[in-house]
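> Let's see this in three dimensions:
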Amino acid sequence: MSEPGGFDWPGLMRLGLGKLGLRPDQFWALTPIELAVMAGLEGQPATCLRSRLEELARAFPDEPCDPNGKGM
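This next block holds a predicted model:
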């Protein structure tokens, strides 16, 4: 079952910690792409589409914005 945001965290943890034998610190240091490559899933559809990335960038900007969306 997928969690909000599209990630099946229990499944990913079973994969990384169990099947791949990673230590917890190694697992949490990986990017989703690194984990996919290690699991042999690099040919699968992207887990984060550009539209989702843009949505996250708007929700969590690198610098404060004024009401017009410009940096302050």
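> the longest helix in this structure is where?
helix 50-59 (DSSP state H).
> tell me how far that helix is from the chain's mean position?
Offset of helix 50-59 from its chain centre (Cα atoms, centre = their mean, to the nearest Å): 12 Å.
> Could you list the buried residues of it?
For helix 50-59, a neighbour-count test (16 or more other Cβ atoms under 10 Å) marks nothing as buried. Bear in mind the C-beta positions are built from the backbone N, C-alpha and C, glycine included.
> Assign the closest residue to residue 22 other than its chain neighbours to helix, strand or coil.
Leaving aside its chain neighbours, residue 22 sits nearest to residue 16 (4.7 Å; criterion: Cβ to Cβ, 6 or more residues apart in numbering). What DSSP: H, G, I helix; E, B strand; the rest coil gives for residue 16 is helix.
> burial count for residue 16?
Close neighbours of residue 16, defined as other Cβ atoms under 10 Å, add up to 20.
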